[in-house]
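Q: Fold the following and give me the result.
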Amino acid sequence: MDGRGDGDDHDHADQVGEGRRTDRVQTLPGARPWTVTVVCGASGVGKSRVAIPLAARYGVPLGEVDDIVTAVRVLTSAEDQPELHFWETYPDFGSWSPERIADLHFSSSTVLLPALRAVIADHIEFDAPVVLEGDYLLPELAIGFGDAVRAVVLEETDVDRIAANLGAREPDADHGFRAAVSLEVGARLAARAHDIGVPVVSPWPWLDGLDRVDTALFTAGEATHPG
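A: Residues are numbered from 1 along each chain as shown. This is a model prediction of the structure:
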């Protein structure tokens, strides 16, 4: 489910692609030794609230992966990429269980893995640091790039707080069901992260959420295949 923005208004001037393969991205004192930061999390947990100041702290652009997903959907159809067009093909998905919708969400995320890995590889090849955030990012994206990529999963375990976050950006709707879906997606993301050594951090409380995410990323080891 598309969860663009997590309720935060911000300037999109420094998005992924702007200034790439140039000297516009400056290395700040104390810069992190990795190139690509991947901020994963379900819709409504506060990814943008963390990712935007994190990119500013690192002095790098913010890449919103939902924009990439939108572009891929335009260039594909339900016939050749059904997983990416579930929500258009089945408009009655609101009657499904959160678990079933989460299954479809992860099917879409898995289909997108090769495309997103190519984006990450491109940033590494051209030494173009970026913070990526979006609903369809999986912690497994950190595997296979050595220490050039670090990921974090933001997990909010309070369904009421997720609903409040969603309501902040769409105030005229009941977000209880969407929050239940996000709770399920978040729990699965956290389990996948634990399996491969990717840190899981609660974005709440907001006051120190950025610092806790930064510390988790800085102290994280290299992500590895489970088992």
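Q: Which SSE is immediately downstream of the longest helix along the chain?
A: Taking DSSP state H as the criterion, the chain has its longest helix at helix 98-125. Heading C-terminal from helix 98-125, the first helix or strand you meet, by DSSP states H and E, is strand 130-133.
Q: May I have the strands that pair with that following strand, each with its orientation?
A: In the sheet, strand 130-133 lines up against strand 36-41 (parallel), strand 62-64 (parallel) (DSSP bridges).
Q: Show me the contact partners of that strand.
A: Outside of strand 130-133, the residues within contact range by C-beta atoms under 8 Å, 6 or more residues apart in numbering are 16, 35-39, 41, 47-48, 50-51, 54-55, 58, 60-65, 116, 119-120, 123. For the C-beta atoms, the positions are set from N, CA and C on the backbone; glycine is no exception.
Q: Now the helix or strand of the chain with the lowest mean pLDDT: buried residues?
A: The weakest-scoring helix or strand in the chain, judged by mean pLDDT, DSSP states H and E, is helix 86-89 (a mean of 74). Judged by neighbour count using 16 or more other C-beta atoms under 10 Å, the buried positions of helix 86-89 are Phe86.
Q: Stretch 203-218 now?
A: Applying a neighbour-count criterion of 16+ other C-beta under 10 Å, one finds 203-204, 209-210, 212-214, 216-217 buried in stretch 203-218.
Q: go on, stretch 119-139?
A: Neighbour-count burial for stretch 119-139 flags 119-120, 122-124, 128-139 (criterion: 16+ other C-beta under 10 Å).
Q: any idea where the helices of this structure begin and end?
A: Counting by DSSP H, the helices of the chain are 47-58, 65-74, 86-89, 98-125, 159-169, 176-196, 206-219.
Q: so which of these is the most packed in?
A: Ranked by mean neighbour count under mean count of other C-beta atoms under 10 Å, these are led by helix 47-58, which reaches a mean of 22.
Q: Restricting to C-alpha, output that one in PDB.
A: Provided in PDB are the C-alpha atoms of helix 47-58 (Å, rounded to 0.1, in the frame of the first residue of the first chain):
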ATOM      1  CA  LYS A  47      10.100   6.900   7.800                       C
ATOM      2  CA  SER A  48      10.100  10.400   6.300                       C
ATOM      3  CA  ARG A  49      10.300  11.900   9.800                       C
ATOM      4  CA  VAL A  50      13.600  10.100  10.300                       C
ATOM      5  CA  ALA A  51      14.900   9.800   6.700                       C
ATOM      6  CA  ILE A  52      14.700  13.500   5.900                       C
ATOM      7  CA  PRO A  53      16.800  14.800   8.900                       C
ATOM      8  CA  LEU A  54      19.100  11.700   8.500                       C
ATOM      9  CA  ALA A  55      19.900  12.700   4.900                       C
ATOM     10  CA  ALA A  56      20.500  16.300   6.100                       C
ATOM     11  CA  ARG A  57      22.800  15.100   8.900                       C
ATOM     12  CA  TYR A  58      24.800  13.000   6.400                       C
END
